[in-house]
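Undergrad: Quick one, what's the 3D model for this:
(chains A, B, C and D)
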Number of protein chains: 2
Amino acid sequence: MKSIKDIAIIAKVSPGTVDRVLHNRPGVSKKTKERVLKIIEESNYTVNTVASILASKKTYTIATLLPTSKNEFDFWEAPKLGAQKALNEIKNLGFRIESFEFNQFDPDSYCKAFKKMANTNPSAALIAPILNKETQEHIHLLEDKNIPYVFINTETEGLNNLSFIGQKSFQGGFVAGKLFNWVLPENSEVLIVEIRKNVVNYTSINQRLKGFKDFFKNSEKSISVKKIAINTLDNLQILNKELKNYLDQNPNTKGIFVPSSKISFIAKSIIELNRKDIELGGFDNTLENVAFLKNETVDFLISQRPMEQGYDGVKLLFNYLIDKKQPKKNHYLPIEIVLKENVDFL
Amino acid sequence: MKSIKDIAIIAKVSPGTVDRVLHNRPGVSKKTKERVLKIIEESNYTVNTVASILASKKTYTIATLLPTSKNEFDFWEAPKLGAQKALNEIKNLGFRIESFEFNQFDPDSYCKAFKKMANTNPSAALIAPILNKETQEHIHLLEDKNIPYVFINTETEGLNNLSFIGQKSFQGGFVAGKLFNWVLPENSEVLIVEIRKNVVNYTSINQRLKGFKDFFKNSEKSISVKKIAINTLDNLQILNKELKNYLDQNPNTKGIFVPSSKISFIAKSIIELNRKDIELGGFDNTLENVAFLKNETVDFLISQRPMEQGYDGVKLLFNYLIDKKQPKKNHYLPIEIVLKENVDFL
DNA sequence: CTTAATTTCGTGTGCGTACACAAAATTGAA
DNA sequence: TTCAATTTTGTGTACGCACACGAAATTAAG
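TA: As a prediction, this is how the structure comes out:
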């Protein structure tokens, strides 16, 4: 492994000069700069990140802006865990994480947290932009300061995020369609239950719906897709009633699809209605959802790999900050099909 | 962040003494050792891995012993890529990889490579022990020298590998069963095609078969499982004929399961026999298999995440060598269901 | 050609640790 | 008590790099 000193000797300059060249600092004549650069190239030298970090006492702070998790089993706990795992690998390299949280159902709290975060002038930010409008409105707080940021979980349009890390929602819905197509019999109906309240992140959900419907457009099997909207999940009685009503009137319904992480509510209803014959599918392997998967109320889940979202996000920012390694704009995570049979091996 | 020097000042000793305590080296009186230890504890000091590695010019060599890949799309290319990726993250920390390869169909070449590897006295080894007997016979070469080793891909029994990284094969077969159960109609038959030649790693394959059959034991749907053995894949004509014979005599066969990565051969036959109505499922998203997945000859694949096998394996060894962090014995990777619809998002 | 201004370059120190070596303190034997 | 043997502790240097400072070389001005 060659060092700066080695390069210096070959180039017949001092280590200091090589260092200046490497960091693009002024004070080197064009001639010697080119010479040194050429030698660096030829001797395939790479900086020793370890020594570099040790010497430059620079410290980096990555701010995370994620929804508060209600409990340790919440979906949003996973990205945090992932970020923490990544941090453990790089904390000796001068990296810290500063966490900011917000109530995902309260736009104000998002805005406040966003501002607070921007005010701390982090080296970079990792954001779950589940509230689209508010994100659009506040993102300039980071851009004005040239703070790079990546988005996880929710794909956005027209913003200069370094990268997006998460699932291609359309395709997630498409895969869900495929699975229902497998599971449901010919000439049956599948019902989409859209939950209006207690759910944010409409961007993702709409994409999933699009993908889901798209699948059945080109499917050979004749399965028809219906949709109802539930306005709240706060009262399970109401949900039961609405669901019962629908199922009574549409006896051909053999499956229910929920394009969010809320399939567990439907599962509860289905149990109470004693309609385990209906196949259920939804998103996210939260603890609650997994429980219904295991007792066979839910037939499949599609995981967004939330843990990887945090892990990969932090790692990506790390690489960018250290090596200025430009990441690809879209870092799509696997569309993972989770069944009772493989849920224990994630 | 406290440093050795800080500790030294608090404990009223020299940095050298603190260092001796940290490394459990002799030359420190019991009294001061305890005092220093206590202060280290209290001031929650942790060694700066970066500086530590820079100072100790120790270098670690991780030997990999994997099958030669026939081409860049071979299954075994993936673990190598993963290992390389991991290496990139730790090469500045004094780590190197030394690769050893063998012909997976030639036990002799495995033994030779094993011996060669052991002779280089690596710091640790990453092995794909697809040949069970030969592994049992040679593993002492590493144990005698106290060289830690992890196994990837193939689970073994009775060996002191630090860890196994790979899929739970039984469960992989079980999931395959579930998928066929979804895809196949009531009262149909699924055919297992076992390929005797050109396939090693019987351990994994037998486990998969067990899992597959096990699934149907407790399935409500009445699907019966049959099995034939093919002795070679060298001559596609023979395969075609045998397959045609079987299908003609067993018209109820609606699916074919191959418990190895060789499903593509069956797929070719199925196309030639013009029997695309039959559902195919198998293992490993090799390029060839994926091609048949995409053209809908193959219905599903189960991926072993071969890339992660290499990556996680090297990372695990790294953590063990640096921090003596004892890994858990079994590091099971996800049983990933790969469909035409999600194959592009792995 | 001189001298100052400016550019270009070399030297030295420190980051936190590992390790070799030197120094001091303790112990033991006479 | 004395002095050597032994144990215990302190000091210095190196790892590869970043960066400040000062020295040398070049250029410009007179």
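Undergrad: Show me what from the stretch 1-150 of chain A comes close to DNA strand C.
TA: Within reach of DNA strand C by Cβ under 7 Å from any atom of the strand, the stretch 1-150 of chain A has these residues: A:8, A:12-17, A:20, A:26-33, A:51, A:54-55, A:57. Using the backbone N, CA and C atoms, a C-beta is placed for each residue, glycine as well.
Undergrad: Now list the buried members of those.
TA: Buried members of those, counted by 16 or more other Cβ atoms under 10 Å in any protein chain shown: A:8, A:13, A:17, A:20, A:28, A:32-33, A:51, A:54.
Undergrad: Residues of the stretch 201-346 of chain A that sit close to chain B?
TA: For the stretch 201-346 of chain A, the residues in contact with chain B (Cβ under 8 Å from any Cβ of the partner chain) are A:215, A:332-337, A:339-342, A:344-346.
Undergrad: Scan these and report the most crowded one.
TA: Within those, A:Ile335 tops the neighbour count with 27 neighbours, counted by other Cβ atoms under 10 Å in any protein chain shown.
Undergrad: In terms of pLDDT, where does that one sit?
TA: Among the per-residue scores, A:Ile335 holds a pLDDT of 97.
Undergrad: Next, the contact list for the nearest residue to it once chain neighbours are set aside, please.
TA: Leaving aside its sequence neighbours, A:Ile335 sits nearest to B:Asn342 (Cβ to Cβ, 6 or more residues apart in numbering or on different chains; 4.0 Å). Residues in contact with B:Asn342, defined by Cβ atoms under 8 Å, 6 or more residues apart in numbering or on different chains, are A:171, A:175, A:334-337.
Undergrad: Mind putting these into a markdown table with secondary structure and distance to B:Glu189?
TA: Compiled in a markdown table, these are given as follows (DSSP: H, G, I helix; E, B strand; the rest coil; distance: Cβ to Cβ, whole Å):
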| residue | secondary structure | distance to B:Glu189 |
| --- | --- | --- |
| A:Gln171 | helix | 33 |
| A:Val175 | helix | 28 |
| A:Pro334 | coil | 32 |
| A:Ile335 | coil | 31 |
| A:Glu336 | strand | 30 |
| A:Ile337 | strand | 25 |
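Undergrad: Of the residues you listed, just say which sits nearest to A:Phe300.
TA: Nearest to A:Phe300 out of the contacts of B:Asn342 is A:Ile337 (Cβ to Cβ; 6.2 Å).
Undergrad: For the closest one, list the residues it contacts.
TA: A:175, A:179, A:300-303, B:336-337, B:339, B:342.
Undergrad: Please flag which of the residues you listed sit within helices.
TA: A:175, A:179 (DSSP state H).
Undergrad: Export the contacts of A:Ile337 as JSON lines, with columns for distance to B:Tyr110.
TA: Shown next, in JSON lines, are the contacts of A:Ile337 (distance: Cβ to Cβ, whole Å):
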{"residue": "A:Val175", "distance to B:Tyr110": "39"}
{"residue": "A:Leu179", "distance to B:Tyr110": "41"}
{"residue": "A:Phe300", "distance to B:Tyr110": "40"}
{"residue": "A:Leu301", "distance to B:Tyr110": "41"}
{"residue": "A:Ile302", "distance to B:Tyr110": "40"}
{"residue": "A:Ser303", "distance to B:Tyr110": "37"}
{"residue": "B:Glu336", "distance to B:Tyr110": "28"}
{"residue": "B:Ile337", "distance to B:Tyr110": "31"}
{"residue": "B:Leu339", "distance to B:Tyr110": "35"}
{"residue": "B:Asn342", "distance to B:Tyr110": "35"}
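Undergrad: Since that was my last question, I'll sign off now.
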